[in-house]
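>>> mind folding the following:
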Amino acid sequence: MSSPISPNISKKLHRLVTSLSPHNDYVDAPVSGGVKGASDATLTFMVGCNSPETLAAIRPLLQRLGKGVIPCGGPGSGSAVKLCNNAALAAQMVGICEAMTLGEKLGVDPAVLAGVMNVSTAKCWSGEVNNPHPAAAKAIGSGASANGYKGGFGTALMLKDLNLAVDAGEEEGVAQPVAGLTRDLYRMATLHGYGEKDFGVMLQFLKGVNTESETEESKETK
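Alright, predicted model coming up:
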């Protein structure tokens, strides 16, 4: 299983598979690395599997698709790690979107702001690799926003993972105020037609920009 689902459902599927067919196994192995990682075969697999034999059998296959195979624990742990990662990533992206917009409004060149943040304490993947501001992304040479938010990790897909993460937190009694608010923002963005765009399009959603027509920023990056 390479797409994240509820960790508890992964555990149930593992029990079902092994009870019906003891000679087979069920492994949850979601990936991290995005579209670029998939095209470059540099994905990282987060593997939920408690059988060393099964892990040894599937490792060569996974290594043909990516560079990293990380055992995360028993059944369901791969999905759990993926959801935790994406909950943090989505909140991180919202923070970068707000900072880039504020800096621009205060008269700072987005490329300069991103350059400073990427060598300072705000350095992160959403700022350095997939910056949501088109001008910054062009200057960095990386990021879906430089291409009209096409070809990245979709907003609707991020919403799916956030729903799963928040639901898992509710099942476990974990307070997630930031994840809950981030989920609501991505839900609204999806409802407003941004679902197919890279999740960095949150910057444009918060600014109230319709990305179906070319934005000022994207014109400037051409």
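>>> backbone dihedrals for Gly73, please?
Note on Gly73: its backbone torsions stand at phi 130, psi -160 [degrees, to the nearest 10].
>>> repeat that for Val119.
Here is the backbone geometry of Val119 (degrees, to the nearest 10): phi -120, psi 10.
>>> likewise for Ser120?
Dihedral angles of Ser120 (phi, psi; degrees, to the nearest 10) stand at phi -120, psi -170.
>>> distance of it from Ala114?
Separation of Ser120 from Ala114 (CB to CB, to the nearest Å): 11 Å. Glycine gets a C-beta too; all of them are placed from N, C-alpha and C.
>>> so for these two, which sits in the more crowded spot?
Ala114 (26 against 9; other CB atoms under 10 Å).
>>> and the more buried one, which of the three is it?
helix (DSSP: H, G, I helix; E, B strand; the rest coil).
>>> thought it was touching Met100?
Yes: applying CB atoms under 8 Å as the test, Ala114 and Met100 come out as touching, 7.1 Å apart.
>>> what sits in contact with each of the two?
Common neighbours of Ala114 and Met100 are listed as 131, 133, 136 (criterion: CB atoms under 8 Å, 6 or more residues apart in numbering).
>>> what sits closest to the last one if chain neighbours are left out?
Excluding the flanking residues, the one nearest Ala136 by CB to CB, 6 or more residues apart in numbering is Ala114, at 3.8 Å.
>>> which residues touch that neighbour?
So Ala114 contacts 100, 127-128, 131, 133, 136, 139-140 (CB under 8 Å, 6+ apart).
>>> could you redo the last one with a cut-off of 7 Å?
Each residue near Ala114 by CB atoms under 7 Å, 6 or more residues apart in numbering is listed here: 127, 131, 133, 136, 139-140.
>>> widest-spaced pair of these?
Using CB to CB, the pair of the contacts of Ala114 lying farthest apart is Gly127 and Ala139, separated by 12.0 Å.
>>> just the helices in this structure please.
With DSSP state H, the ranges of helices along the chain come out as 7-20, 34-40, 52-65, 77-105, 110-117, 125-128, 134-140, 155-172, 177-189, 202-207, 216-220.
>>> report the buried residues of the shortest one.
Using 16 or more other CB atoms under 10 Å as the burial criterion, the residues of helix 125-128 that qualify are 126-128.
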